[in-house]
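**Q** Mind looking at a prediction? Sequence and model below.
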Amino acid sequence: MALLEVQNLSYRFPGGYWALKGVTFSVDPGELLIISGKNGSGKTVLLRCLKGLYRSTEGSIRLNGKPFTKNERNTFGLVFQDPDSQIIGQTVEKDISFGLENIDLPPDEVREKAASVLESLDLTGHAKQHPRSLSGGEKRRLTIAGVLAMDPLILALDEPFANLDYPGVIQVLEKIVMLKEAGHTILLVTHELDKVLAHADRLLLLDQGHIAAVGEPTSVVHLGESCGVRIPYRQVPVEDMTWLKE
Amino acid sequence: MAEGVMFHYRGKATFLHTVDPRVKLLYLLLQSFSLVFLTPSALVIPGVFSVLLALFIRLPLKQYGKEGMVFLLLGMIIFLGRYLTGGTADALPAVSRFFIIVLLGLILMDTTSVDETSSALYWAVSWISPKKAGRLSAHMLLTLSFIPLMFDSVREVREARKARADCPGKHPLRFLVTFLIQVFDILLIKAEEISLALEAREFDGTVHPKPLSFSGRDLLALCICLFVIGAGFLAG
């Protein structure tokens, strides 16, 4: 059974513009689904609707076959595109604890979980540092850590490679692959397919709020350019579309 | 660099950074209040003490650059206003009081994280209204977190406009209006993003800060602060 089922999801901005129209797809447990499309195609709006930050105009979302209510939305972890807007704590450790304290976990459990996530995302050495002093890649890992600490069933990453240099992309990509291998279900929004497509189970292409195509990367990737997504090396097979070396 | 932005907390390991935030907040409030009652000559005591504190923590005053100009401008306005009504004897103490308060505020923000300030406020309010303490403390946390963003936005806009050869020269009013609109536009966008990010991290508008512990060094700091305030009163 699919972990997440989205049926006819639509979202209209207060001005009347339809950002999403009749979006239907599902996500299986442990799957890495890449959502791609050009700017304004509705990728970020889709994630925000799934998280419950935007109330969808039409459609339904089901988790494990049951309606996905607002109270259960903490099982959907969303990492924003701009890390600076998501980082609240005055130190790396405090920022990771922020979400855990909000869900009223006991202090001991907060410390334990924060320490575990710090370690798994290689941030232990930065625990007492101010988040502003971190590099771009480290900030992005911190935002992932902050969300991951809350044990979400689904982890959604909005443009995790945006504004990162080569080492930053590698740092983040390594962690994404590590999380996938650990069995996490991941939704990843990006238009930089050459960095990550090799690790995806499926690719979903959005075009002007509609799903243009969804399926295995090999069968869908050729449609990318018609949806405004550049495929840099057409002769390169999908399994080589990664910035991680062997 | 972020370190040069006013009202940003810089995590250092000085004595002042580790002092209980309640002591620092109490000193700021008492000292600011007491300044009103001090004679012009007695203002030297809190003034020198504030400067010593700033030197002790190496407050990056030089890096504040144009952001600090706002306070210089305000100081000049205060000086001019008081000078016109009461002469230099009235204007100088007024400006000194203003700059002492600004300097103490900068020292407090530089050495005290937003979390700590929020915890101190939570502690204070919980004596009066335990139910409202969490919410008030959260408001404080968010407001204080937003202050550096305001300065960041002003700097971003200023640098971007400078890069496009824009200057207030010919049309200062138009420059000011468009500048403010741009800053507020950025702030509103950032505020919306932060609000969504807070919601995404299950923030419900209340915080429950960790309990603060009062140690021997906090008592020492409190005694020094009270001594400085007392000395000011004794001096006049």
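**A** Perfect, thanks for sending it.

**Q** all contacts plus neighbour counts: C-alpha atoms, from now on.
**A** Noted.

**Q** Next to chain A, which bits of chain B? Give me the list.
**A** B:2, B:10-11, B:113-115, B:145, B:190, B:193-194, B:196-204, B:207 (Cα under 8 Å from any Cα of the partner chain).

**Q** Of those, select the buried ones using a ChimeraX command.
**A** Per 16 or more other Cα atoms under 10 Å in any protein chain shown, the buried members of the residues of chain B next to chain A correspond to this ChimeraX selection:
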select /B:10,11,113,114,115,145,190,193,194,196,197,198,199,200,201,202,203,207
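
**Q** low pLDDT regions in chain B?
**A** With pLDDT under 70 as the threshold, chain B has low-confidence stretches at B:1-5, B:208.

**Q** okay, which residue is most central for it?
**A** In chain B, the centroid-proximal residue (Cα atoms, centre = their mean) is B:G105; its distance is 3.6 Å.

**Q** Quick check: it vs B:L29, distance?
**A** 10 Å (Cα to Cα, to the nearest Å).

**Q** got the residue ranges for the helices in the chain?
**A** In the absence of a named chain, chain A is used. A:43-51, A:83-86, A:92-102, A:107-120, A:136-148, A:166-181, A:193-196, A:217-220 (DSSP state H).

**Q** other chain: chain B
**A** Going by DSSP H, chain B shows helices at B:15-18, B:21-35, B:44-56, B:61-86, B:88-111, B:114-128, B:130-163, B:172-200, B:216-234.

**Q** How about the second one, which residues are buried there?
**A** By neighbour count on 16+ other Cα under 10 Å, the buried set for helix B:21-35 is B:21-25, B:27-28, B:31-32, B:34-35.

**Q** Identify the farthest-apart pair in these.
**A** Of all pairs drawn from these, the greatest distance, 21.1 Å, lies between B:P21 and B:L35 (Cα to Cα).

**Q** rewinding a little: using a markdown table, please lay out the helices of chain B together with distance to A:Y11.
**A** Converted to a markdown table, the helices of chain B look like this (distance: least, Cα to Cα, whole Å):
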| stretch | distance to A:Y11 |
| --- | --- |
| helix B:15-18 | 48 |
| helix B:21-35 | 46 |
| helix B:44-56 | 53 |
| helix B:61-86 | 42 |
| helix B:88-111 | 42 |
| helix B:114-128 | 37 |
| helix B:130-163 | 29 |
| helix B:172-200 | 17 |
| helix B:216-234 | 55 |
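
**Q** A:P152 is nearest to which of those helices?
**A** helix B:172-200 (11.7 Å).

**Q** got the angle between the closest one and helix A:43-51?
**A** Here helix B:172-200 runs at an angle of 40 degrees relative to helix A:43-51 (axes from the mean of the first three to the mean of the last three Cα atoms, to 10 degrees).

**Q** by how many degrees do helix B:172-200 and helix A:136-148 diverge?
**A** 40 degrees.

**Q** helices or strands next to helix B:172-200 in the packing?
**A** The contact analysis (3 or more Cα pairs under 8 Å, 6 or more residues apart in numbering or on different chains; DSSP states H and E) places helix B:172-200 against helix A:83-86, helix B:130-163.

**Q** looking at the ones you listed, which is buried most?
**A** Across those, averaging neighbours per residue (mean count of other Cα atoms under 10 Å in any protein chain shown) puts helix A:83-86 on top, at a mean of 21.

**Q** ok now that helix, how far from the chain's centre?
**A** 14 Å (Cα atoms, centre = their mean, to the nearest Å).

**Q** What of stretch A:76-84?
**A** Using Cα atoms, centre = their mean, the offset of stretch A:76-84 from its chain centre is 8 Å.

**Q** How about stretch B:197-217?
**A** Worked out by Cα atoms, centre = their mean, stretch B:197-217 lies 20 Å from the chain centre.

**Q** Quick one: end-to-end distance for that stretch.
**A** 38 Å.

**Q** what does that stretch rub up against?
**A** Residues from elsewhere that reach stretch B:197-217 (Cα atoms under 8 Å, 6 or more residues apart in numbering or on different chains): A:51, A:53, A:74, A:77-78, A:80, A:85-86, A:98-99, A:102-103, A:147, B:19-20, B:115, B:118-120, B:122, B:134-139.

**Q** go with 7 Å
**A** For stretch B:197-217, the surrounding residues in contact (Cα atoms under 7 Å, 6 or more residues apart in numbering or on different chains) are A:74, A:78, A:85-86, A:99, A:102-103, B:19-20, B:119, B:134-135, B:137-138.

**Q** Run a quick neighbour tally on the residue lying closest to A:I88 once chain neighbours are set aside.
**A** Distances taken as Cα to Cα, 6 or more residues apart in numbering or on different chains put A:D95 closest to A:I88, at 5.8 Å, once the chain neighbours are dropped. By the criterion of other Cα atoms under 10 Å in any protein chain shown, A:D95 has 22 neighbours.

**Q** Same check on A:D104?
**A** Residues lying near A:D104 (other Cα under 10 Å) number 11.

**Q** Alright, calling it a day.
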